[in-house]
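Enquirer: Sharing a model prediction with you, sequence too.
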Amino acid sequence: MMRQKRHNRMKSLSGVLLPALLLCAVLLSACGGGRDEPTGWRIPNDEQVVAALRKALREHSREFTVRFSYDRDVLSELPALAGDWVERALQETDDPAEGDYIRYQYGGYEIKSSCRPEGERYDYEVHIQPRYYTYLSQEQEVSERVEALLAELGFDEDTADFEKIRCIYDYVRGTVRYDRVHSGRSEHTLRSTAYSALHWHAATCQGYCVTLYRLLREAGVPCRVVTGTADGIFHAWNLVELDGAWYGLDATWDAGREEPLWFLKGSEGFSGHEPGPAFENTAFRQQHPMSPEDYAV
């Protein structure tokens, strides 16, 4: 009885990532083996779990469920394992509607896990319940608007990346106003989305950034969203790659200006912007080497 009581239990926690599914449950089965970071073990179809979770996040699934069995009690390790799945699912891919686009338009997740002994093994269930800033129908509207806008801009295979960046940047900073009405209301998460920027033409800095990210990536230009502080206040901006180097863009600060001041800035000219710890590590810097000087047209 003591063994049964010890293992028939549930754990739950809330995981909040920097920034944040219509109902859809995903079921995968596995049985133990292998070793990996950060928990010291992994299930055999671990990569399939991450791929399925990424698809669930993109489709706004309300709950993602993984079931598997293992030969020892690892219930206490499941939150870290599930957190690792989420982080890997949010990494950059070749799809403009994934990576940073998902990461900065959802508000974290809750994990619930359970364990039940079956003979010499243990059966586990892990439930990941994300929270989103938008509805799936709103994301479908964004995709339609992005496609239409890029068609209006008339880019073709001969259009230089500089021209793509300039046209998209000018469009966003010229048509989106800063949402001061909802800027102090943390519960109004829609203000931080591309939907708000493209549908209502109003957004906070994060909304500017995910809009630029989506448009530039759809146009074939590498782009990232960076969060940190600007003049001591939480802020978000973009990095964009051009001619082998990365440059800063801050459409929020340039919104409404006749001429932009924060367009394709090198590290020396991007004063006031302090990236958060996630962007100060060696790996990120090596993958996104920022030019010290502003881009020279």
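Expert: Nice, thanks for sending it over. Numbers count the residues shown, from 1 in each chain.
Enquirer: which other residues reach stretch 126-142?
Expert: By C-beta atoms under 8 Å, 6 or more residues apart in numbering, the surrounding residues in contact with stretch 126-142 are 20-22, 53, 57, 59-67, 78, 81-82, 85-86, 97, 105-113, 189-190, 192-195, 198-199, 214. The C-beta positions use only the backbone N, C-alpha and C, and glycine is treated the same way.
Enquirer: Stretch 288-297 now?
Expert: 162, 224, 239, 241-243, 245-248, 264-269.
Enquirer: hmm, try it at 7 Å
Expert: By C-beta atoms under 7 Å, 6 or more residues apart in numbering, the surrounding residues in contact with stretch 288-297 are 224, 239, 242, 245, 246, 247, 264, 265, 266, 267, 268, 269.
Enquirer: Quickly list what the second one is bridged to.
Expert: On the basis of DSSP bridges, residue 239 is bridged to residue 224, residue 248.
Enquirer: Surely it and residue 224 touch.
Expert: Yes - assessed by C-beta atoms under 7 Å, residue 239 is found in contact with residue 224 at 4.6 Å.
Enquirer: max-length helix in the chain?
Expert: helix 136-153 (DSSP state H).
Enquirer: mind showing which ranges of the stretch 101-250 of the chain have poor pLDDT?
Expert: Applying pLDDT under 70 to the stretch 101-250 of the chain picks out residues 181-187.
Enquirer: Now, the contacts of stretch 126-142 that are in strands?
Expert: The members of these that map onto strands under DSSP state E are 64, 65, 66, 67, 106, 107, 108, 109, 110, 111, 112, 113.
Enquirer: hmm, which of those are the buried ones?
Expert: Among the ones in strands among the contacts of stretch 126-142, those buried by neighbour count (16 or more other C-beta atoms under 10 Å) are 64, 65, 66, 106, 109, 111, 112, 113.
Enquirer: Can you tell me how far the second one is from residue 132?
Expert: Okay, so that is residue 65. 18 Å (C-beta to C-beta, to the nearest Å).
Enquirer: hang on, residue 169 packs against residue 263?
Expert: Yes - between residue 169 and residue 263 there is a contact under C-beta under 7 Å: 6.1 Å.
Enquirer: Can you pull the residues that touch both of the two?
Expert: Common contact partners of residue 169 and residue 263 (C-beta under 7 Å, 6+ apart): residue 249.
Enquirer: Which parts of the protein are helices?
Expert: 2-7, 46-58, 78-89, 100-103, 136-153, 161-175, 194-195, 205-218, 251-254, 282-287.
Enquirer: got a list of what residue 207 touches?
Expert: By C-beta under 7 Å, 6+ apart, the neighbours of residue 207 are 191, 192, 193, 194, 196, 197.
Enquirer: Most neighbours of all these, which one?
Expert: With neighbours defined as other C-beta atoms under 10 Å, the most crowded of the contacts of residue 207 is residue 194; it has 33 neighbours.
Enquirer: give me every residue that touches that residue.
Expert: So residue 194 contacts 142, 207, 210, 211, 214 (C-beta under 7 Å, 6+ apart).
Enquirer: And for residue 53?
Expert: In this structure, residue 53 makes contact with 64, 85, 86, 89, 128, judged by C-beta under 7 Å, 6+ apart.
Enquirer: could you measure it against residue 147, distance?
Expert: 26 Å.
Enquirer: How about residue 242?
Expert: When residue 242 is compared with residue 147 (using C-beta to C-beta), they lie 24 Å apart.
Enquirer: The two: who's more crowded?
Expert: Taking neighbours as other C-beta under 10 Å, residue 242 and residue 147 compare with residue 242 leading, 17 against 11.
Enquirer: per-residue pLDDT, residue 10?
Expert: Residue 10 carries a pLDDT value of 37.
Enquirer: Also the one 4 residues further on?
Expert: Confidence at residue 14, expressed as pLDDT, is 34.
Enquirer: Kindly report the same for the one 5 residues further on.
Expert: Per-residue pLDDT puts residue 19 at 28.
Enquirer: picking that back up, what two of the ones in strands among the contacts of stretch 126-142 are the furthest from one another?
Expert: Greatest spatial distance among these (C-beta to C-beta): 67 and 107, at 26.0 Å.
Enquirer: Please identify the buried residues of stretch 85-101?
Expert: For stretch 85-101, using 16+ other C-beta under 10 Å, the buried residues are 85, 86, 89, 90, 96, 97, 98, 99, 100, 101.
Enquirer: now for these, which pair is the farthest apart?
Expert: 85 and 96, at 22.1 Å, using C-beta to C-beta across those.
Enquirer: need the contact list for the nearest residue to residue 53 once chain neighbours are set aside.
Expert: With C-beta to C-beta, 6 or more residues apart in numbering as the criterion, residue 53 has its nearest non-adjacent residue at 4.4 Å, and that residue is residue 89. Contact analysis of residue 89 by C-beta under 7 Å, 6+ apart lists 50, 53, 54, 57.
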